[in-house]
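Asker: only geometry, no sequence info:
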């Protein structure tokens, strides 16, 4: 359902623009962005969008839920809530507005696309059902409905030929008593039908209306709607009741399908988050009431799924998810639940678990079945899973708390190396809180432009002259304490902020370098080295780099983009195209942290790489045994033979520098020469360099 028109209601401008770009990239049209409830109501009335993405927590007197309520009272527009809050009180309030879905922040583009498609599909189905029911109300007046007429005084019931035909009977195969009717009513619905008729005859209802099941002669079950009206001739009791019977089987099936779709994953058919939480809540109540064995939740995330998606395509990725879902279902007991939360996340609810050892055993078996090779698109794929385990205790009062703790344990397993499981410990919540704090710091720093860039000089080892600087991003807490890049960069990549942050770093550092070139015109211009995340490396990045060079007027040849070897795990053809286009502009490309990832001679020869940076672990090992020196020497010889420049990172001692010079390493950086400097200190260094040149 691409090309659908979407209204975004989000008071965080950065988030709103990010959602807008995501929607545009997956084929949807954004008709407007509202930051308050009043603006949203006005824009919804003005643009009449096909769907609204509504943040629950927006500023102003109207929050997202109240705004959705007012819009829905005026217009029939589906609403999907965007929220980072999944507490029961908020969800209960939101449920009253009849939302078409929830998306928890942060989310992936594919998750957003699927949620919108499902919401639009569901809305169309509901609209079609309403129209169908209206048509059915008119059609019931026609002869196609079964007619019945019960003479209460003689206790005889007339059934029209159509009434009997609807259930596969000939005219003479159904008698004329109430028992003949009840005989073909589903046994579970007979008492309900009799009670409904009795209530109407006793004057408790204005008219008779009842939906129930009937038994067809061929053994099938049909859903019907029985309607009727009792007639009195001045007496206290009715003497006659007559009405019609309509077949509503198709309508019921459509309603049941809608209910199924609302509680099941569209791809795998597994229960979704809503149904999982419902089952978990019931299981927790049952355990507490009857003091039974405990429950366990296993939260799985596939470790290499994105690589499969990027290299083989989404269809192959979907096929892989379906296969994993089938394997998980076969692994557990019929009383257990396997659910898919979205993306590559699955959850297994184990009921009646006697010990933690049993949950661990199930986790081990899950890891084994996930690792079993899968044949996709002519490739044999083998992936792994990281699993978080939670044993439900009396401290868990809500199902969402259990799921949160399992998610925390899963992330702990990932952070410890993936392809493993971790049992939740209360200390993990503190770690999760720290992560959330860093996420908030990132969002606020981006919005308020509070990031800083420090620059570490790069020196020629032969002349000791500064030849370039590397731009290094810095993030500080409110108390001035720095957050290490090794901590916040991976989090920025995971929550989808790295593209915006990377754009800011590139623009800011290019502008500074361009200014320095103009300020120190008599000096040899410095090169600017900027790190690029694999998450930034898309075809759109080429256009963005060109725009930044045009804005800042920096010579392309003075920009060196540093990429890590993990880039080669992405779509190789796309990577090659992007690198060739950047090289054609005149930008130089270099491999950062060389020797620690997926490097190979084939990659170096295939792509337009100009420089390799020797990882600091190799540099610092030069004061160790000769084997380490031989490895470093081999890398430098290889670089020189291929015509590549080489920069040694992390030079801290003169011994390391001397050995690198003897090995004919071109350039170096490290604390021996200079620590990363803020803008003011670097400008002082450049002025000193200029004065020495004049002297």
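Answerer: Yep, it's here. All values reported here derive from a predicted model rather than from experimental measurement.
Asker: average pLDDT across stretch 466-479?
Answerer: Stretch 466-479 shows a mean pLDDT of 92.
Asker: Going forward, the N-terminal residue is numbered 18.
Answerer: Got it, first residue is 18 now, which makes that one stretch 483-496.
Asker: Can you point out the buried residues in that stretch?
Answerer: By neighbour count on 16 or more other Cβ atoms under 10 Å, the buried set for stretch 483-496 is 483, 484, 485, 486, 487, 488, 489, 490, 491, 492. (Glycine included, C-beta is placed from N, CA and C.)
Asker: Could you list the residues in contact with it?
Answerer: For stretch 483-496, the external contacting residues (Cβ atoms under 8 Å, 6 or more residues apart in numbering) are 458-459, 462, 467-477, 499-500, 502, 505-506, 518, 522, 526, 530, 541, 543-548, 577, 579, 684, 686, 693, 699, 702-703, 706.
Asker: and if we set it to 7 Å?
Answerer: Residues outside stretch 483-496 that contact it (Cβ atoms under 7 Å, 6 or more residues apart in numbering): 458, 462, 468-477, 499-500, 502, 505, 522, 526, 543-547, 684, 686, 693, 699, 706.
Asker: same check, this time on stretch 97-107
Answerer: 27, 68, 70-74, 81, 111, 116-122, 132-133, 136, 415, 417.
Asker: Which of those fall in strands?
Answerer: Using DSSP state E, the subset of the contacts of stretch 97-107 located in strands is 68, 70, 71, 72, 118, 119, 120, 121.
Asker: pLDDT score for the third one?
Answerer: Think residue 71. As predicted, residue 71 sits at a pLDDT of 90.
Asker: again, but for residue 399
Answerer: On the pLDDT scale, residue 399 gets 87.
Asker: Who are the contact partners of it?
Answerer: 388, 390.
Asker: how close does it sit to residue 390?
Answerer: Distance from residue 399 to residue 390, counting by Cβ to Cβ, to the nearest Å: 5 Å.
Asker: Likewise for residue 83?
Answerer: Residue 83 sits 52 Å away from residue 390, going by Cβ to Cβ.
Asker: For the two, work out which one has more neighbours and name it.
Answerer: Neighbours per residue, other Cβ atoms under 10 Å: of residue 83 and residue 390, the larger number sits with residue 83, 15 against 10.
Asker: which residues touch that one?
Answerer: Counting by Cβ under 7 Å, 6+ apart, residue 83 touches residue 54.
Asker: any idea which helix or strand carries it?
Answerer: Under the criterion of DSSP states H and E, residue 83 resides in helix 81-91.
Asker: any idea of the angle that helix forms with strand 68-72?
Answerer: 160 degrees (axes from the mean of the first three to the mean of the last three Cα atoms, to 10 degrees).
Asker: Tell me where the model's unsure across the stretch 68-217 of the chain.
Answerer: 102-103, 150-160 (pLDDT under 70).
Asker: how about the helices in it?
Answerer: All helices of the stretch 68-217 of the chain, identified by DSSP state H, counting those that start in this stretch, fall at 81-91, 105-112, 126-156, 178-182, 195-200, 207-218.
Asker: Mean confidence (pLDDT) on whichever helix or strand comes after the last one, please.
Answerer: Scanning forward in sequence from helix 207-218 by DSSP H and E, the next helix or strand is strand 225-232. Taken as a whole, strand 225-232 has an average pLDDT of 95.
Asker: chain center to the following helix or strand past strand 225-232: distance?
Answerer: Counting by DSSP H and E, the element after strand 225-232 in chain order, helix or strand, is strand 238-248. Offset of strand 238-248 from its chain centre (Cα atoms, centre = their mean, to the nearest Å): 47 Å.
Asker: ok, now stretch 68-86?
Answerer: Distance, centroid of stretch 68-86 to centroid of chain: 21 Å (Cα atoms, centre = their mean).
Asker: Please apply the same query to stretch 193-213.
Answerer: Centre-to-centre, stretch 193-213 and its host chain are 50 Å apart (Cα atoms, centre = their mean).
Asker: What helix or strand is residue 451 located in?
Answerer: Counting by DSSP H and E, residue 451 is part of helix 444-465.
Asker: Could you list the residues in contact with the helix or strand just after that helix?
Answerer: As assigned by DSSP H and E, the chain's next helix or strand after helix 444-465 is strand 469-477. Contact partners of strand 469-477, identified using Cβ under 7 Å, 6+ apart, comprise 482-491, 522, 525-526, 546, 664, 684-686, 690-691, 693-695, 699.
Asker: residues contacting residue 285?
Answerer: Contact partners of residue 285, counting by Cβ under 7 Å, 6+ apart, are 338, 339, 342, 357.
Asker: repeat that for 6 Å
Answerer: Residues counted as contacts of residue 285 (Cβ atoms under 6 Å, 6 or more residues apart in numbering) are 339, 342, 357.
Asker: And for the residue nearest to it when sequence neighbours are not counted, the neighbour number?
Answerer: Counting by Cβ to Cβ, 6 or more residues apart in numbering, residue 285 lies nearest to residue 342, which is 3.9 Å off, once chain neighbours are set aside. Using other Cβ under 10 Å, residue 342 is surrounded by 19 other residues.
Asker: Tell me if I'm right that residue 210 and residue 229 touch.
Answerer: Yes. Between residue 210 and residue 229 there is a contact at 5.2 Å, judged by Cβ atoms under 6 Å.
Asker: Which of those two has more residues huddled nearby?
Answerer: residue 210 (21 against 18).
Asker: And the more buried one, how far from residue 191?
Answerer: 16 Å.
Asker: May I ask which two of the buried residues of stretch 483-496 are separated the most?
Answerer: Across those, no pair lies farther apart than 484 and 492, at 27.6 Å, counting by Cβ to Cβ.
Asker: Apart from its chain neighbours, what residue comes closest to residue 235?
Answerer: Nearest one to residue 235, counting by Cβ to Cβ, 6+ apart, is residue 185 at 5.6 Å.
Asker: And that neighbour, how close does it get to residue 548?
Answerer: Residue 185 sits 74 Å away from residue 548, going by Cβ to Cβ.
Asker: So these two - more neighbours on which side?
Answerer: Neighbours were counted for residue 185 and for residue 548 using other Cβ under 10 Å; residue 548 has more, 19 against 15.
Asker: and the more buried one, what does it touch?
Answerer: Residue 548 is in contact with residue 579, counting by Cβ under 6 Å, 6+ apart.
Asker: And the pLDDT at it?
Answerer: Looking at residue 548, its pLDDT is 94.
Asker: Could you do residue 616 as well?
Answerer: Listed pLDDT for residue 616 reads 49.
Asker: Ok, residue 619 next?
Answerer: Residue-level pLDDT assigned to residue 619 equals 59.
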